[in-house]
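**Q** Need the 3D shape of this:
(chains A and B)
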Amino acid sequence: MSRSEDSATASLADQLALDIQKVVAASFARGEITGEAPAVITLERPKNRDHGDYATSIALQLAKAAGKNPRDIATILQAAIASIAGVTKVDIAGPGFINITLDRASQAELVRTILTAKNAYGRGNALAGVKVNLEFISANPTGPLHLGHTRWAAVGDALGRVLSAAGAEVTREFYINDRGRQMDLFGQSVQAAALGNPIPEDGYQGEYIKDLAKAVLIANPGITATEDFREAAYQVQLAEQQRVLETFHTTFDVWFSERSLHESGAVEHGVDKLRSQGHVFDVDGAVWLRTTDFGDDKDRVIIKADGDLTYFASDTAYYINKRERGFDICIYMLGADHHGYIQRLKATAACAGDNPEYNIDVLIGQLVKIMEGGEEVKLSKRAGTIITLEELVEKVGVDAARYTLIRYPVDTPMVMDIDVLRRNTNENPVYYVQYAHARIAAVLRNTAELRISANLESFDPSQLTHDRENELLGALSDFPRIVASAAEFREPHRVARYLEELAGVYHGFYADCRVLPLGDEPIAAIHSARAALCAATMQVLANGLDLLGVSAPERM
RNA sequence: GCGCCUGUAGCUCAGUCGGAUAGAGCAACCGCCUUCUAAGCGGUAGGUCGCAGGUUCGAUUCCUGCCAGGCGCGCCA
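**A** Sure thing, here's the model as predicted:
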């Protein structure tokens, strides 16, 4: 990543890595180490506190090419690393790890960085200038949003925020499947319900169809044609989806209608474009795309022998349309039952002359199971036992629902236990994190009352030398790279896990480091330094929760 | 049959440029509120990282094969 070049935002760790790189390069220049100098030095934060603030395994990596023992390499570098500004100790451990301990006061300068940057702390420029189209949910407008959609509503929205934080220009898009057989069945079902006829065999059976029928009749008295029912019900259902998503704090920039794709001639345009790239052919009266040129199992039909367009035709046209609207990266978030689409979508991109490794990114979300009252709630569309987004929110609230859905990687199936999410204990991680935020808010209310300054004017970093303070500073310093990696890997759950870690570290600090003076103890520099550290922590918790679309309460 | 995902503590799960003694929460057990929010903190116990090979200084992580579970393979949408 290119962040390290930017000295204004370079963290202590980035700076240290650059300094070590110079030290290593100098050693190569003097011929003390032979082989090739590494292009970049990676630092890790050791799990064990005894291993210093940062560690690098560079000596182990260089040993073989240099024909030396890794510990000898480490010894060669030791003194020079120790002379880097801010480094207080360099130890060689185990097979040749170099463990580096930094001056605590210089680490505490981070508080200044955070309180100055405020809600910009954590933002980066790894994706600066990149236009991203983020498509998620894309439900049929033929019914309420259910549990599977809800996972994407939470994760997709959070990913959008994370990508923006990494500097990308993000457009969130919802593709409305408002065309084809499902829509017709939908229209017929609503019509039948409105007229009191039996709903067609393969139609929509859910209870909500009756409600839709009622709403449609009230708004359009005298309506009779199937088409009119379809259109009226479509508008009501779409508006309903939009309303529910709003309550879930998930927003879209573009609601893209599949119909508009056909009406605008985008499908023909897409076929032409693919044909001009040489990947379209005709067999048995149908028009095909040779996706097998790019790893798909079989070629795909775009236009059927009877002249109708396949669903795949819309997909290809839509992709090409996105690219022509100027998006560099098109991210698709699809359900587990669509994993067969990855190959053909990537092949489509390749057929269009794009780089399938860069221009298109398909994420597959696995299923969500629901537990309630100790047993799994069986979900079946046919039996009408689907759980809707709205019902989930009624049961557990927006924050708990969003947070829980986001904190797991999407490619693993997950289980939501409704009973746990209703509990206000730290079995429920969202409360654990929010509580840390509220707890700090309470502490800062108290410091303000005692006129203890949490301001930077009076901030003295040399006060923060306690192990707990140092640990907290270390956790705060991780935030920017967590955000960057969440964006890079499209994994917003990393932010949630990080927040749990940070909250835990804060709670530990709180237990051992008193912020307010005890009894008639006079107010001293330590109190205000700790107050500033609390304020910095609160800022990072708030920034992180904001990336997840979860509230950061001041009182609980 | 082919393809995608998963297999880590009793349970739910973290753990990506391969790194040191594999982590968290819950459940179990033992402690900590006459001064900041106990929705919290500290401690004990709990593991053949599905199995078997391979790659190397080093593998839960990368590769191959196998076993188990979930999902999907239409000129349907």
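**Q** Geometrically speaking, which residue is the centre of chain A?
**A** Nearest to the mean C-alpha position of chain A, counting by C-alpha atoms, centre = their mean, stands A:P492 at 2.5 Å.
**Q** Which helix or which strand is home to the closest residue to it other than its chain neighbours?
**A** Spatial nearest neighbour of A:P492, excluding adjacent residues (C-beta to C-beta, 6 or more residues apart in numbering): A:A158 at 3.9 Å. For every residue, glycine as well, the C-beta is placed using N, CA and C. Using DSSP states H and E, the element containing A:A158 is helix A:147-165.
**Q** Alpha carbons of that helix, as PDB, please.
**A** The C-alpha coordinates for helix A:147-165 follow below in PDB (Å, rounded to 0.1, in the frame of the first residue of the first chain):
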ATOM      1  CA  LEU A 147     -33.000 -12.700   6.200                       C
ATOM      2  CA  GLY A 148     -30.600 -13.300   3.300                       C
ATOM      3  CA  HIS A 149     -31.200  -9.800   2.100                       C
ATOM      4  CA  THR A 150     -30.700  -8.500   5.600                       C
ATOM      5  CA  ARG A 151     -27.200  -9.900   5.800                       C
ATOM      6  CA  TRP A 152     -26.300  -8.000   2.700                       C
ATOM      7  CA  ALA A 153     -28.100  -4.900   3.800                       C
ATOM      8  CA  ALA A 154     -25.800  -4.700   6.800                       C
ATOM      9  CA  VAL A 155     -22.600  -6.000   5.300                       C
ATOM     10  CA  GLY A 156     -23.000  -4.200   2.000                       C
ATOM     11  CA  ASP A 157     -23.700  -0.900   3.700                       C
ATOM     12  CA  ALA A 158     -20.700  -1.300   6.000                       C
ATOM     13  CA  LEU A 159     -18.500  -2.300   3.100                       C
ATOM     14  CA  GLY A 160     -19.600   0.900   1.300                       C
ATOM     15  CA  ARG A 161     -18.600   2.900   4.200                       C
ATOM     16  CA  VAL A 162     -15.200   1.100   4.600                       C
ATOM     17  CA  LEU A 163     -14.400   1.600   0.900                       C
ATOM     18  CA  SER A 164     -15.200   5.200   1.200                       C
ATOM     19  CA  ALA A 165     -12.900   5.500   4.200                       C
END
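**Q** thinking in terms of the whole chain, how far from its middle is that helix?
**A** Here helix A:147-165 shows a centroid-to-chain-centroid distance of 6 Å under the convention C-alpha atoms, centre = their mean, to the nearest Å.
**Q** Tell me what the closest residue to A:L345 other than its chain neighbours is bridged to.
**A** Nearest non-adjacent residue to A:L345, counting by C-beta to C-beta, 6+ apart: A:V362, 5.6 Å away. Counting by DSSP bridges, A:V362 is bridged to A:Y332.
**Q** didn't A:V362 look like it was pressed against A:I342?
**A** Yes. Counting by C-beta atoms under 8 Å, A:V362 touches A:I342, with 4.6 Å between them.
**Q** The stretch 201-350 of chain A against RNA strand B: which residues are in contact?
**A** Proximity of the stretch 201-350 of chain A to RNA strand B (C-beta under 7 Å from any atom of the strand) is limited to residues A:283-286, A:297-298, A:300-301, A:304-306, A:308, A:310-312, A:336-337, A:339-340, A:342-343.
**Q** List only buried entries from those.
**A** A:A286, A:R300, A:V301, A:T310, A:F312, A:I342, A:Q343 (16 or more other C-beta atoms under 10 Å).
**Q** and the third one, bridged to which residues?
**A** Taking DSSP bridges, one obtains A:W288 as the residues bridged to A:V301.
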